[in-house]
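> whatever this is, show me its structure:
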Amino acid sequence: MFRTIFVLDIFDGVVVHALRGEREQYRPIAEFSSVCKTSDAPEIVKMLKPDEVYAADLNRIRGVGNNYQVIQEVSRHCKTILSCGVVSARDVAEGLTIADTVTIGTENADFNVIEEACNTADTGRLDVNIDLMGGEILTNTGMSLAPLEAVERLNAYPISELIIIDLTNVGTESGINVSFLEDVVACSDHPVIFGGGVKDMSDLDLLRAIDISGALVATGVHNLAIPVGVLGRS
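Model (predicted):
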């Protein structure tokens, strides 16, 4: 079943509108949204009733505190995938105490961390993000692989899902690179979820048609291009 996963980018305790990965420009989502008048994550979830959310703890990712209390409250209302700037297997274990799934992002972790986490955590609750910026892997660890090389290497690890996020297009509604995603699906032994530039229902249909397993959405929901009613049930 294709999954439409609602994204909550959380910074300093509130949900913000993400745009192209330019985190210093993020503003509270209530200033942008047509579907909610609050930037409080639990209240948004209770209002919109998504089956599943992808919660990005931007404080944790940037190394300036965390939003774990907020995300734990979100997890009481729906299934939650947590992105928390994992740099060690210990971070994964901690994250799994507040969310259903933790995803390890290539921005902050290398394959040594992924291997250690696979050896110590429940891999059924473990995803990996390949974060892209300008067509290349965004990383602070010196990873030098091309995106498809990283996809193929991850086939050796018993993770639950592979998440591809094109940060260049986040919040822009600029559409998707179909050819690249077809190559990812062909290369990957894991179900593939995609986020970044998904603008409307036609994009969701296109992702489904090329065997993407799920989509991360936010901007399209907030500006009414994607109906709230499809969240988790498309």
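
> burial of Ala156, as a residue count?
12 (other C-beta atoms under 10 Å). No exception for glycine: its C-beta is placed from N, CA and C like everyone else's.

> residue closest to the middle of the protein?
Tyr54 (5.1 Å; C-alpha atoms, centre = their mean).

> how far away is it from Lys79?
10 Å (C-beta to C-beta, to the nearest Å).

> could you do Ala225 as well?
Applying C-beta to C-beta to Ala225 and Lys79 gives a distance of 24 Å.

> how about Ala218?
Counting by C-beta to C-beta, the gap from Ala218 to Lys79 is 16 Å.

> more neighbours: the two, which one.
Neighbours were counted for Ala218 and for Lys79 using other C-beta under 10 Å; Ala218 has more, 26 against 15.

> okay, that one: pLDDT?
Note for Ala218: predicted pLDDT of 93.

> go ahead and confirm it touches Tyr26.
No: assessed by C-beta atoms under 8 Å, Ala218 is found out of contact with Tyr26, at 11.7 Å.

> phi, psi for Leu207 please.
phi -60, psi -40 (degrees, to the nearest 10).

> apart from its chain neighbours, what residue comes closest to it?
With C-beta to C-beta, 6 or more residues apart in numbering as the criterion, Leu207 has its nearest non-adjacent residue at 5.3 Å, and that residue is Ala215.

> ok so the one you found is a helix residue?
No: per DSSP: H, G, I helix; E, B strand; the rest coil, Ala215 lies outside any helix segment and is strand.

> what's near enough to touch it?
2-5, 193-195, 198, 203-204, 207 (C-beta atoms under 8 Å, 6 or more residues apart in numbering).

> looking at those residues, which is nearest Asp183?
Phe194 (12.4 Å; C-beta to C-beta).

> quick one: Thr120 and Val102, what's the gap?
12 Å.

> re the thing from before, now distance to Val15, secondary structure and neighbour count too, for the contacts of Ala215, in JSON lines please.
Shown next, in JSON lines, are the contacts of Ala215 (distance: C-beta to C-beta, whole Å; DSSP: H, G, I helix; E, B strand; the rest coil; neighbours: other C-beta atoms under 10 Å):
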{"residue": "Phe2", "distance to Val15": "24", "secondary structure": "coil", "neighbour count": "16"}
{"residue": "Arg3", "distance to Val15": "20", "secondary structure": "strand", "neighbour count": "19"}
{"residue": "Thr4", "distance to Val15": "18", "secondary structure": "strand", "neighbour count": "25"}
{"residue": "Ile5", "distance to Val15": "15", "secondary structure": "strand", "neighbour count": "23"}
{"residue": "Ile193", "distance to Val15": "20", "secondary structure": "strand", "neighbour count": "23"}
{"residue": "Phe194", "distance to Val15": "21", "secondary structure": "strand", "neighbour count": "25"}
{"residue": "Gly195", "distance to Val15": "16", "secondary structure": "strand", "neighbour count": "25"}
{"residue": "Val198", "distance to Val15": "18", "secondary structure": "coil", "neighbour count": "31"}
{"residue": "Asp203", "distance to Val15": "22", "secondary structure": "helix", "neighbour count": "21"}
{"residue": "Leu204", "distance to Val15": "21", "secondary structure": "helix", "neighbour count": "21"}
{"residue": "Leu207", "distance to Val15": "24", "secondary structure": "helix", "neighbour count": "23"}
